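Q: the sequence and its predicted three-dimensional model are supplied below.
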Amino acid sequence: MSGRNSKTNKNSRLLKVVLLGDGGVGKSSLMNRFVSNKFDTQSFHTIGVEFLNKDIIVNGETFTLQIWDTAGQERFKSLRTPFYRGADCCLLTFGVDDMVSLKNLSLWKKEFLYYADVQEADLFPFVVLGNKVDIAEQEVAEEEAIAWCAANHVPYYQTSAKDAINVDTAFHAAVERVIEQERSLDNSARNIHDTVDLSKKATRSGCC
Ligand SMILES: Nc1nc2c(ncn2[C@@H]2O[C@H](COP(=O)(O)OP(=O)(O)OP(=O)(O)O)[C@@H](O)[C@H]2O)c(=O)[nH]1
């Protein structure tokens with residue numbers, strides 16, 4: 001595991017964001033585009049995991065995103081899975097030039113939920129990135145990606161790390177998903193609390 005920029009801003013909230021997807025879909029490139037605004041055509045396969053931090057402001061609040069870029073190749077599975085635990089959000093990534101990488105999103109989601117040991121799997125904030133939209137010959141029809149995302153209730157962003165398309169937007173969306181998830185968990189906790197209070201009241205006011 002390696003990381004840079006690991007200092008965090010004291011006034012910000014730290015969010016752990018995990019990037020998952022098949023080898024070569026562009027996870028490292030997306031992280032580098034987002035954090036350093038750079039793109040390298042000669043990137044190497046990630047071995048295990050790497051992380052970088054970046055501060056962003058969403059809805060007036062500062063967040064330090066700790067972005068964990070994982071190795072997509074199957075042979076590195078045992079090196080990446082221990083790092084899923086404690087994640088606040090997961091970016092599932094595929095390449096629009098690679099149909100198999102879209103098909104594998106279900107396996108990535110499943111692997112993540114298993115090793116992250118997520119309690120409320122249905123509410124966990126995932127975002128899907130269809131990367132390399134700059135490539136003219138795409139194997140994945142947009143409708144197919146949209147259909148997978150609709151079935152899984154996950155927002156979809158078409159990105160290009162190479163041409164810096166939608167990369168910032170997708171990371172902002174990840175934070176917004178986390179905020180939304182917290183709101184819905186708060187609301188359901190409040191509803192449970194209200195229900196309990198009502199039943200208490202009913203017992204107290206019962207006359208006989
Ligand atoms: N055309 C194009 N190429 C890209 C884009 N993003 C990444 N690439 C290229 O795709 C190759 C793989 O990119 P990586 O970022 O290393 O992919 P990865 O998903 O991190 O791969 P693993 O580390 O093996 O999991 C590199 O040659 C990149 O330059 C993109 O948006 N457009």
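A: Ah, there it is. Residues are numbered from 1 along each chain as shown.
Q: the nearest residue to residue 26 once chain neighbours are set aside: what's it in contact with?
A: In this structure, residue 26 finds its nearest non-sequential neighbour in residue 131, 4.1 Å apart by C-beta to C-beta, 6 or more residues apart in numbering. Glycine gets a C-beta too; all of them are placed from N, C-alpha and C. Neighbour list for residue 131: 25-26, 29-30, 93-96, 159-161 [criterion: C-beta atoms under 8 Å, 6 or more residues apart in numbering].
Q: number of residues surrounding residue 146?
A: Using other C-beta atoms under 10 Å, residue 146 has 14 other residues around it.
Q: got the phi/psi numbers for the closest residue to it other than its chain neighbours?
A: Nearest residue to residue 146, sequence neighbours excluded (C-beta to C-beta, 6+ apart): residue 156, at 5.9 Å. Phi and psi for residue 156, reported as degrees, to the nearest 10, are phi -120, psi 130.
Q: tell me the secondary structure for residue 169?
A: helix (DSSP: H, G, I helix; E, B strand; the rest coil).
Q: excluding covalently adjacent residues, which one is nearest to it?
A: Using C-beta to C-beta, 6+ apart, the closest residue to residue 169 is residue 157 (6.3 Å).
Q: how many neighbours does that neighbour have?
A: Neighbour number of residue 157 under other C-beta under 10 Å is 22.
Q: need the contact list for it.
A: Residue 157 neighbours (C-beta under 8 Å, 6+ apart): 127-130, 166, 169-170, 173.
Q: can you give me the strands in the protein?
A: 2-4, 13-21, 49-58, 61-70, 89-95, 126-131, 156-158 (DSSP state E).
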